[in-house]
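1. Just the structure for this:
(one chain, ligands or ions: 2)
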Amino acid sequence: MKNILEAPFVREMCETTANMYRLGWDERNGGNISYMLDEKEVGEYLDFSKVVRTIPFMGVNQEDFDASPLEGKIFIVTGTGKYFKNVQKDPANNLGIVRIGKGGRNIELLWGYEDGGRPTSEFPAHMMSHMARLKVDPENRVVMHSHPTNTLAMNYVHELDEKKLTHTLWEMCTECIVVFPDGVGVLPWMLCGTNSIGEATAKKMEEFRLVIWGMHGIYGAGKTMDETFGLIETVEKAAQIYMLTAHLPRVNTIKDEDMVKLAELFGIKYRKDFLNL
Ligand code: 13P
Ligand code: ZN
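-> Ligands and ions are numbered 1, 2, ... in the order given. Predicted coordinates for the structure are as follows:
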């Protein structure tokens, strides 16, 4: 067996959490990531017959929560209460590799959470988001939750309306409409760690790769860690420009007609109803 600490997916989790911490997006235990892995690749590092322990799903009513479409799927996931700051120096305590058990009823720990830990409290929202994204994009692999500073700040001063918020973000950087042409879904403030927020997030994920959790943070989904990180990074950059300029008189702006030109140049399908043409 190869050394799991050298596995590319473990390195990627370490690098990403370190970057997110360094950017100030994930204070203390803020944020969580789940990354669906290729069974064959993981099999080079772990013996699947050795389940370290079985962990129940938390924060969900078993009757309402059906993760059966993910039975047997393997994920590397950040641990609940764990600090992104610490993942790189101690991946075996702060990360876990889990397999979704029979009927999607529980979680089988294959590696990690060595101090007795368990997956993020947002695991149900992650699993529901994976299921929703896989229906629209079978190549989706990553779900990422974070508390980026400017995105969060913007939540307090901008209407939490999908069309208006997406439009404002698109106006802030030329690249925005190209990077997230599907826009940003928005949920009001909701209690985190519950079935309800998981269901609401997953519903939005049928339409959007980015979902704002009002006055809490953001969810992103993508095929790769880079794609998912890049989505959140681009929203955060746009939110930063907004927060730097919102209180100043606007002299110039990227017009809706300019955004149409960008979309046409890059040949992308975008939410036309989010423009005011
Ligand atoms: P966890 O520590 O359980 O991952 O929770 C962090 C968080 O951001 C909750 O929304
Ligand atoms: Zn959070």
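
2. Now for residue 153: which residues touch it?
-> Contacts for residue 153 (Cβ atoms under 8 Å, 6 or more residues apart in numbering) come out as 239, 243. No exception for glycine: its C-beta is placed from N, CA and C like everyone else's.

3. who in the stretch 151-277 of the chain is up against ligand 1?
-> residue 192 (Cβ under 6 Å from any ligand atom).

4. for the helix or strand where residue 145 lies, packing partners?
-> Element membership of residue 145, judged by DSSP states H and E, is strand 142-146. Using 3 or more Cβ pairs under 8 Å, 6 or more residues apart in numbering; DSSP states H and E, the elements in contact with strand 142-146 are strand 32-37, helix 123-136, strand 217-222, helix 225-245.

5. buried set for the third one?
-> Of the residues in strand 217-222, those with enough neighbours to count as buried (16 or more other Cβ atoms under 10 Å) are 217, 218, 219, 220, 221, 222.

6. which non-adjacent residue is nearest the first one?
-> What that stands for is residue 217. residue 147 (4.1 Å; Cβ to Cβ, 6 or more residues apart in numbering).

7. contacting residues for the residue sitting nearest the centre point of the chain?
-> Centroid-nearest residue in the chain, with Cα atoms, centre = their mean: residue 144, separated by 2.0 Å. Shown in contact with residue 144 (Cβ under 8 Å, 6+ apart): 16, 31, 32, 33, 219, 220, 221, 222, 225, 228, 229, 232.

8. Return the most buried member of the helices and strands packed on strand 142-146.
-> strand 217-222 (a mean of 26; mean count of other Cβ atoms under 10 Å).

9. which strands and helices sit next to that one?
-> helix 123-136, strand 142-146, helix 149-157, helix 195-205, strand 210-213, helix 225-245.

10. same thing but 6 Å
-> strand 142-146, strand 210-213, helix 225-245 (3 or more Cβ pairs under 6 Å, 6 or more residues apart in numbering; DSSP states H and E).

11. so what's residue 60 scoring on pLDDT?
-> Note on residue 60: pLDDT of 80.

12. Wait, a strand at it?
-> No: per DSSP: H, G, I helix; E, B strand; the rest coil, residue 60 lies outside any strand segment and is coil.

13. separation between it and residue 135?
-> Residue 60 sits 20 Å away from residue 135, taking Cβ to Cβ, to the nearest Å as the criterion.

14. do the same with residue 208
-> Residue 208 is 13 Å from residue 135, by Cβ to Cβ.

15. when you scan stretch 100-119, is anything in it near ligand 1?
-> No: using Cβ under 6 Å from any ligand atom, stretch 100-119 never reaches ligand 1; the gap is at least 8.0 Å.

16. So what would you say the end-to-end distance of that stretch is?
-> With Cα to Cα, to the nearest Å as the measure, stretch 100-119 spans 12 Å from end to end.

17. Outside of stretch 261-276 itself, which residues are in contact with it?
-> With Cβ atoms under 6 Å, 6 or more residues apart in numbering as the test, stretch 261-276 has contacts from 163, 166, 167, 177, 178, 181, 183, 256.

18. Doesn't residue 55 lie inside a helix?
-> No: using three-state DSSP, the assignment for residue 55 is strand, not a helix.

19. Bridging across strands, which residues link to it?
-> In this entry, residue 55 is beta-bridged to residue 107, by DSSP bridges.

20. Cheers, nothing more for now.
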